[in-house]
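S.K.: Dropping the sequence and predicted coords here.
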Amino acid sequence: MKNLLGLSMVALGVWWLFVGGTPLVEGGVRDFYEREVQAVLSRKPEALCELLDASFQATQQTTRRGVASELRLDRDAACKAARDTFATFDAVGTQMGGVLELDYRLEIEALEIDPQGKQASVEISYVFDIAGGWMVIRGSRSDRLVRRLGRTRLVESSEITAITGGL
């Protein structure tokens, strides 16, 4: 029993040293956003959901055809919206006789990591081009990332988007 307890303590210490205690660094933040880009381009809404913290909260101000709207989303609502969006893209692609081409580019405009490496404030801009310009979503976001249990997660986001074209 003592050996098992000792082994568990050593395993926990090794995990904390190499995973749990690893602070946020600029390269890790950039990797986080690269995972977001890959999830979008590979049409995997569940991979996008994995990037969100359980306490995720977002506001999104959108202008489309001159009409402004605002949404507040938690993690469940954001995941449902991602699934619905990709399902719509699939349905439209099928109706058009193929698969909609997706192009998603983002740029980190500003990045600030707290001294303890537990959270980061990130300003990004992005362009999401669907079907070669059939629909274009341009936006900017202010994100707050956290590092918990060895994983980087998006905990808060404030987004402004403009949508042209599409349905």
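M.R.: All right, it came through fine. Numbers count the residues shown, from 1 in each chain.
S.K.: So for the longest helix along the chain, what gets flagged as buried?
M.R.: Of all segments of type helix in the chain, defined using DSSP state H, the longest is helix 75-95. Neighbour-count burial for helix 75-95 flags 75, 78-79, 81-82, 85-86, 89, 92-93 (criterion: 16 or more other C-beta atoms under 10 Å). (C-beta placed from N, C-alpha, C; glycine too.)
S.K.: ok, now how distant is T152 from T85?
M.R.: According to C-beta to C-beta, to the nearest Å, T152 and T85 sit 23 Å apart.
S.K.: Repeat that for D114.
M.R.: Between D114 and T85 the distance is 32 Å, computed by C-beta to C-beta.
S.K.: Ok, Q61 next?
M.R.: Applying C-beta to C-beta, the value for Q61 to T85 is 17 Å.
S.K.: Equivalent analysis for I137, please.
M.R.: When distances are taken as C-beta to C-beta, I137 and T85 turn out to be 10 Å apart.
S.K.: Which residues are in contact with each of those two?
M.R.: In the contact map built from C-beta atoms under 8 Å, 6 or more residues apart in numbering, no residue is linked to both I137 and T85.
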